[in-house]
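compute the structure for the input listed below.
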Amino acid sequence: KTCWCPALPKMAETAAAPESPSIWPPVDFASLTVRALGGQVLAEVCPIPTTMLELKVEIGAQTGLPAIVQSLVRQGCTEELQDVEELRLGGNDQEITLLVQQDSLLMRLAKIFGLVCSDEATEALRTSSQLKLISKGGGCAGARTIADALPCLPQLEELWLSRNVIRSTGAKALAEALSSNLSLTKLRLDINEIGDAGACAIVGAVLANSTLQELNLSVNRIGHEGAEAFTALATNSSLRALRLSDNELGSQGAEVIARALSTNSSLRLLCLDGNSIGDEGAKAIAAALEQNATLTELSLCDNEIDPDGATAVALALWENSSLQRLGLDYNHIGKEGAVALAVALAKNSSLEELSLSGNFLSCEAEKALEEAKSMRAAPVVLQT
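Here you go, the predicted structure:
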């Protein structure tokens, strides 16, 4: 140990030499106490090895060095040390160390997603309540970086990561961070190819979380195995909106979600469009509607639902008094399903909007629906 680390000037000479290596191995100063002069030399050395992957430094807090190190790290992250993956500053004032680590993570986040790298940018990230990174191509690495950075973003309430191809690996990294996050209320991960494994990880973390209110996992190749994770929805009390459109849930996945829906008391919106749930899936959802008293919006469009499935949903409307908007567009409900819905429409008093576009209804079916609409005491928007 020494007061300023004589090895640093030698490092500076080596780094400045024409034959210096282009890839530096990890450098570990954990056994040294770097003081004022050492810190100044370190500040001169660090911008040179641009591919250094790990830097460990132990600094005496009593010397006033945190300011020097803070400046060094900010300069390195924004200008030269763009490939640093790990930075450890032990033995320092805890608050300064945390600040340095935050800057490093946020700068790395900015770099991966093509954001402006500056002190102003990191400050904007740290204080923002909304972060939208749609179609930025962050991939798995971007998801991992966001997972690392979440503890540094205490005011973040909305995170949009649509179209970033994070896949299951990135989803799992995010899930670990989400399980302990206490600020996020809205999360969009649609169109990310997370599959069943990624869905299980995200859903498990989210439904154990007590703050998240809206989750969008549409277009992610989630099948019935991924849907099994939604069993926990039965006891979740925070989630208000769940969007799972254009996945591969099928009737089995719909049945799992239906079982959870029958006892859930928090969900207000459920979108299952384009999941090929068929009549069996529609019947399972209908049975859940008879018991659920909180859902206000349900969308089952483009799901290969025939008259039997539509009739089951219609009968559920006789019992349900909370649903306000129902979407059954682009199915095959036929005259039988439409008439059943017309009868239910006259009986039900809570429904405010019923959408049946793309079902190629006959004139007789449309007439039955219009007559039911005119008989209602409360107005309803009917789309056929």
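
I'd say Gln291 and Ser262 touch.
Yes. Gln291 is in contact with Ser262 according to Cβ atoms under 8 Å; the separation is 4.4 Å. All C-beta spots, glycine's among them, are computed from the backbone N, C-alpha and C.

residue contacts, the nearest residue to Gly170 once chain neighbours are set aside?
Excluding its sequence neighbours, the residue lying closest to Gly170 (Cβ to Cβ, 6 or more residues apart in numbering) is Ala143, at 2.9 Å. Applying Cβ atoms under 8 Å, 6 or more residues apart in numbering to Ala143 gives the contacts Leu161, Asn164, Ile166, Thr169, Gly170, Ala171, Ala173, Leu174.

again with Leu295
Leu295 sits in contact with Leu261, Leu267, Arg268, Leu269, Leu270, Leu289, Ser322, Leu323, where contact means Cβ under 8 Å, 6+ apart.

how confident was the prediction at it?
Listed pLDDT for Leu295 reads 98.

which residues touch Glu228?
Cys200, Val256.

ok, the one 4 residues further on next?
Going by Cβ under 8 Å, 6+ apart, Ala232 touches Val203, Gly204, Leu207, Ala208, Ala260.

narrow these to those in helices?
Among the contacts of Ala232, the ones falling in helices (DSSP state H) are Val203, Gly204, Leu207, Ala208, Ala260.

from those residues, list just the buried residues.
The neighbour count (16 or more other Cβ atoms under 10 Å) marks Val203, Gly204, Leu207, Ala260 as buried among those.

Thr296 is in contact with Val270, correct?
Just so we're on the same page, residue 270 is Leu rather than Val. No. Counting by Cβ under 8 Å, Leu270 does not reach Thr296; the two are 9.7 Å apart.

which SSE is Glu290 in?
Under the criterion of DSSP states H and E, Glu290 resides in helix 278-291.

re the thing from before, which two among the contacts of Ala143 are spaced furthest apart?
Across the contacts of Ala143, the longest distance by Cβ to Cβ is 13.7 Å; it joins Leu161 and Thr169.

neighbour count winner among the two?
Ranked by neighbour count (other Cβ atoms under 10 Å), Leu161 and Thr169 place Leu161 first, with 28 against 17.

sorry, back to before: quick one: buried residues of the helix holding Glu290?
In helix 278-291, counting by 16+ other Cβ under 10 Å, buried: Gly278, Asp279, Glu280, Gly281, Ala282, Lys283, Ala284, Ile285, Ala286, Ala287, Ala288, Leu289.

next one: stretch 152-172
152-153, 156-172.

repeat that for stretch 180-193.
Buried, per 16+ other Cβ under 10 Å, within stretch 180-193: Asn181, Ser183, Leu184, Thr185, Lys186, Leu187, Arg188, Leu189, Asp190, Ile191, Asn192.

from the residues you listed, which is closest to Gly138?
Nearest to Gly138 among the buried residues of stretch 180-193, with distances taken as Cβ to Cβ, is Asn192, at 9.9 Å.

how about the secondary structure of that closest one?
Under DSSP: H, G, I helix; E, B strand; the rest coil, the three-state class of Asn192 is coil.

okay, now the sheet partners of the helix or strand hosting Leu131, with direction.
Leu131 belongs to strand 130-132 when assigned by DSSP H and E. Sheet pairing for strand 130-132, assigned by DSSP bridges, gives strand 158-160 (parallel).

what mean pLDDT would you report for the strand it pairs with?
On average, strand 158-160 scores 92.

what sits up against it?
Applying Cβ under 8 Å, 6+ apart, the contact partners of strand 158-160 are Ser129, Gln130, Leu131, Lys132, Leu133, Ile134, Ile146, Leu184, Thr185, Lys186, Leu187, Arg188.

farthest pair within these?
Largest separation among these by Cβ to Cβ: Ile134 and Thr185, giving 18.1 Å.

number of residues surrounding Val380?
Val380 has 17 neighbouring residues, counting by other Cβ under 10 Å.

just checking, it touches Ser350?
No. When contacts are counted by Cβ under 8 Å, Val380 is not listed as touching Ser350 (9.9 Å).

check what pLDDT Pro154 gets.
83.

I figured it hits Leu184, correct?
No. Here Pro154 does not reach Leu184: they are 10.5 Å apart, not a contact under Cβ under 8 Å.

all strands for the protein, in order.
Secondary structure of the chain by DSSP state E: the strands cover 27-34, 54-59, 86-90, 130-132, 158-160, 186-188, 214-216, 241-243, 269-271, 297-299, 325-327, 353-355, 381-383.

what residues does the fourth one touch?
Contacts with strand 130-132, where a contact means Cβ under 8 Å, 6+ apart, come from Leu125, Leu153, Leu156, Glu157, Glu158, Leu159, Trp160.

got the buried residues for stretch 240-247?
In stretch 240-247, counting by 16+ other Cβ under 10 Å, buried: Arg240, Leu242, Arg243, Leu244, Ser245, Asp246, Asn247.

do you know how far the nearest residue to the first one once chain neighbours are set aside is from Gln324?
What it means is Arg240. Leaving aside its chain neighbours, Arg240 sits nearest to Gln213 (4.4 Å; criterion: Cβ to Cβ, 6+ apart). To Gln324, Gln213 is 18 Å away according to Cβ to Cβ, to the nearest Å.

now do Gln383
Taken as Cβ to Cβ, the span from Gln383 to Gln324 is 14 Å.

once you drop chain neighbours, what's closest to Glu366?
Nearest non-adjacent residue to Glu366, counting by Cβ to Cβ, 6+ apart: Thr384, 5.4 Å away.

burial check on that neighbour, number of neighbours?
Neighbours of Thr384 using other Cβ under 10 Å come to 16.

now for it: which residues touch it?
Thr384 neighbours (Cβ under 8 Å, 6+ apart): Leu356, Ser357, Asn359, Leu361, Glu366, Leu369.
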